[in-house]
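Participant: Sharing a sequence plus its predicted fold:
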Amino acid sequence: MHGGDLKARWTTFLKEYADIGPLRVRWPDERSLTISFREIHEFDSKFAEFVLANPSISLIEGGKALRELCAKAGSDISPEVRIIDLPPDQQRIVRGIRHEDVAQMLAVDAVAVKISSV
């Protein structure tokens, strides 16, 4: 799947499954559209697997498709796509992240115990 096909797939998915209206109203307080991986998988399982295997290009093209839809709806905003509800095999605790996880789409379970300036 190359860039044009991927963006077209995202556009179709967003038109069928996403409601960008609330995002347009809450901008700039809310800067991303949250999408459940389950919905992507329900829409097209091969597309969902591609998104997991190629997260960088998938999120870039998803963001482009989302911004285009917002522009067509008359909103000059630049939201991003955020994917939640990843499958269990894509979830890690911080201590469980390894070098093979680099450049993979993961859900990380962590708790911040101290926050300070850098």
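Facilitator: Perfect, thanks for sending it.
Participant: switch to C-alpha atoms for all contacts and neighbour counts from now on
Facilitator: OK.
Participant: Note down every partner strand of the helix or strand hosting residue 82 and its orientation.
Facilitator: Using DSSP states H and E, residue 82 sits in strand 80-84. Strand 80-84 pairs in its sheet with strand 32-36 (parallel), by DSSP bridges.
Participant: Can you list the buried residues in the partner strand?
Facilitator: For strand 32-36, a neighbour-count test (16 or more other Cα atoms under 10 Å) marks 32-33, 35 as buried.
Participant: Which strands and helices lie in contact with the helix or strand where residue 22 lies?
Facilitator: Using DSSP H and E, residue 22 sits within helix 21-26. Helix 21-26 sits against no helix or strand, with contacts defined as 3 or more Cα pairs under 8 Å, 6 or more residues apart in numbering; DSSP states H and E.
Participant: Turn the buried residues of strand 32-36 into JSON lines, including pLDDT and distance to residue 78.
Facilitator: Output for the buried residues of strand 32-36, formatted as JSON lines (pLDDT from 0 to 100; distance: Cα to Cα, whole Å):
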{"residue": "32", "pLDDT": "92", "distance to residue 78": "9"}
{"residue": "33", "pLDDT": "93", "distance to residue 78": "11"}
{"residue": "35", "pLDDT": "94", "distance to residue 78": "16"}
